[in-house]
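>>> Below: sequence and its predicted model.
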Amino acid sequence: MAVKGSEQSWVDAVVAMDRSMRVFQNFVSPIMQHHGADLSLNNLNFLLSIGPGDVMVNDIVRNGQYVPSNASYALKELQKQGYIDRRQDPNDRRSAIVTYTKKGSDLVKDIKAASKSASRAYRDVIEHLHTFDSHCARLPEGF
């Protein structure tokens, strides 16, 4: 995506990321069909962000900067469809722990396998996304 003129802003990156997410959705569509998965892109992204093993819901929300109500909805849907198990933390009844089911683990494993890359471009994208996160973590000047 070419930036017109000499003025560049992070808005151009947001537009490119939005388009990239739709391209990613097309990329994972055959994998999801193979698994019989009927997940929205948001719920799929949430599933991918959980990670292996037992994970505290509070950690997922904090690390992904999710709105707690959105996280609750996504987790409820992922559990209903059999992709995760959710249980109460025995040490803190106010907290929940989630883990992949075999169904969830198999889907995530296949998506990650199809997405592997050892290229420098991958590392550059991750670095630039961290830069973007840092930029947007600050309040705009004058507001």
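Yep, it's here. Just so it is clear, the model here is predicted, and its values are computed rather than measured. Residues are numbered from 1 along each chain as shown.
>>> which residue packs closest to residue 13, ignoring adjacent ones?
Nearest in space to residue 13, with sequence neighbours left out and distances taken as CB to CB, 6 or more residues apart in numbering, is residue 132 at 5.8 Å. Any C-beta I mention is one placed from the backbone N, CA and C, and that applies to glycine too.
>>> Which helix or which strand is home to the one you found?
helix 120-136 (DSSP states H and E).
>>> Residues in contact with that helix: which ones?
Around helix 120-136, the neighbours that count as contacts under CB atoms under 8 Å, 6 or more residues apart in numbering are 10, 13.
>>> same thing with stretch 27-40?
Taking CB under 8 Å, 6+ apart as the rule, stretch 27-40 contacts 44, 47, 77-78, 81, 83, 103, 106-107, 110-111, 114-115.
>>> picking that back up, now do the buried residues in the helix holding residue 132.
Within helix 120-136, no residue counts as buried by 16 or more other CB atoms under 10 Å.
>>> Mind listing what's buried along the lengthiest helix in the chain?
Looking across the chain with DSSP state H, the single longest helix is helix 10-35. Residues of helix 10-35 classed as buried: 13, 24, 28, 32, 35 (neighbour count, 16+ other CB under 10 Å).
>>> min pLDDT across the residues you listed, which one?
Lowest pLDDT among those: residue 13, with 88.
>>> Check which helices and strands the helix or strand in which residue 58 is found sits against.
Remark: residue 58 resides in helix 57-64, with elements defined by DSSP H and E. When contacts are defined as 3 or more CB pairs under 8 Å, 6 or more residues apart in numbering; DSSP states H and E, helix 57-64 sits against helix 41-50, helix 68-80, strand 92-100.
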